[in-house]
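[1] Only the shape, not the letters, is given here:
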């Protein structure tokens, strides 16, 4: 089983519809200019066309949706072929001895960290977040605030900086608004969009009251994303403190803010709460409603599978449901390599070698038809065949 675990560590989810890293199409100097304008860090992937780990990063790690969320929000990302002109010019200032080499730089091009070698999705996300935390400038902003700096653009940047390093901006925003600053409703709405991180706060209510202005300042999609994230944070707090009233508040705020998404959010939140306290019967009740509401599609099956995995080893009913949902998931065009292989592994563990081999061969055909590297899949098939 250890060989299988090692093999699966090399596999990462490749979701066809997911938005991975959006790489900057320009020179390194232009990337620095954009990073300075947008107050972001710079990520540079230094690769060669013959480097195997480089190809795995490009095919399996960079396209991942969760990776994209972290890197697109915080970095201007650049890919450089080190055997071409731009790459060779970059290499004169930033020496490289192995591939892939990945540089994390500030907006001026100063090195924060150099990382060598291929990474898993979780490791790559963790490194990206760590570099952001290492570039924490909030102490400087805090001092300027204490010294009386209050201009609107500064406050917006301060709030964004707090968010960037995972610190809550709510206290700062409350202090600022209590001083009754001379800003209009559009400015207030834009600031609230950045400052509101949880639904159980007066700031959230103020944001909802200014929804037209907030949407005008950004977009309805962005407004909805912020509301969902805030309501989700409140549900997570309810779980952390085992506080049912807080759970209901998160659900209630979603109903008030985005009625069209409220039911699915409610069922998912109740499922999350039941799962946290290992109450399968309660979880299954809400999962049934969630499935009916969300319909037969990739997102539904993926959500149910991710949730039920906390129960399947100790509950036969949960295991049966999980295999049923995996059967539907692998029929979806969005299903990725890791999901196929995880399902095959679970089938093998459950004594269903023939079905495991069938799923793995389906993946091999899919991988080849998409022109992707099939080495990991072929090794996995040999592993299944070797099992008695």
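    Cool, the structure landed. No experiment lies behind these values; they were computed from the predicted model shown. Residues are numbered from 1 along each chain as shown.

[2] what's the spacing between the residue nearest the centre of the chain and residue 195?
    In the chain, the residue lying closest to the centroid (CA atoms, centre = their mean) is residue 66, at 2.6 Å. Separation of residue 66 from residue 195 (CB to CB, to the nearest Å) stands at 24 Å. (Glycine included, C-beta is placed from N, CA and C.)

[3] for the stretch 251-388 of the chain, what are the low-confidence residue spans?
    Regions of the stretch 251-388 of the chain meeting the criterion pLDDT under 70 are absent.

[4] Just to be sure, residue 96 is in a strand?
    No - counting by DSSP: H, G, I helix; E, B strand; the rest coil, residue 96 is not part of a strand but coil.

[5] List the contacts of it.
    46, 82 (CB atoms under 8 Å, 6 or more residues apart in numbering).

[6] How about the one 5 residues further on?
    Listed by CB under 8 Å, 6+ apart, the contact set of residue 101 reads 46, 114-116.

[7] From the residues you listed, list the buried ones, please.
    46, 115 (16 or more other CB atoms under 10 Å).

[8] Just the helices from the stretch 1-150 of the chain, written as ranges.
    2-9, 28-38, 52-56, 65-74, 85-93, 121-134, 138-146 (DSSP state H, counting those that start in this stretch).

[9] quick one: contacts of the following helix or strand past the last one?
    Downstream of helix 138-146, the next assigned helix or strand under DSSP states H and E is helix 152-164. When contacts are defined by CB under 8 Å, 6+ apart, helix 152-164 is touched by residues 39, 74, 132, 137-138, 141-142, 144-145, 168-169, 172-173, 176, 181, 183, 187, 190-191, 194-195, 197.

[10] and if you look at stretch 344-356?
    4, 8, 319, 322-323, 326, 357, 359-360, 363, 380, 384, 387.

[11] Helices of the stretch 251-388 of the chain, residue ranges please.
    Counting by DSSP H, counting those that start in this stretch, the helices of the stretch 251-388 of the chain are 259-276, 280-294, 298-308, 316-329, 337-349, 353-369, 375-386.

[12] From residue 310, how far out is the closest residue to residue 297 other than its chain neighbours?
    Distances taken as CB to CB, 6 or more residues apart in numbering put residue 332 closest to residue 297, at 7.2 Å, once the chain neighbours are dropped. Between residue 332 and residue 310 the computed distance is 22 Å (CB to CB).

[13] In terms of neighbours, single out the busier of those two.
    More neighbours surround residue 332 than the other of residue 332 and residue 310, with 18 against 15 (other CB atoms under 10 Å).

[14] how about the more buried one, what does it touch?
    Contacts of residue 332 by CB under 8 Å, 6+ apart are 297-298, 301.

[15] now that we have those residues, which one has the most neighbours?
    residue 301 (24 neighbours).

[16] what about the residue nearest to it when sequence neighbours are not counted, neighbour count?
    Excluding its sequence neighbours, the residue lying closest to residue 301 (CB to CB, 6+ apart) is residue 329, at 4.1 Å. Residue 329 has 22 neighbours, counted by other CB under 10 Å.

[17] Could you tell me the backbone phi and psi angles at residue 310?
    phi -70, psi -10 (degrees, to the nearest 10).

[18] That one contacts residue 278, correct?
    Yes - between residue 310 and residue 278 there is a contact at 7.3 Å, judged by CB atoms under 8 Å.

[19] Dump the helices of the stretch 1-150 of the chain into TSV; add mean pLDDT and distance to residue 271 as well.
    Below are the helices of the stretch 1-150 of the chain laid out as TSV (pLDDT from 0 to 100; distance: least, CB to CB, whole Å):
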stretch	mean pLDDT	distance to residue 271
helix 2-9	40	26
helix 28-38	94	37
helix 52-56	93	34
helix 65-74	92	20
helix 85-93	95	47
helix 121-134	93	23
helix 138-146	96	35
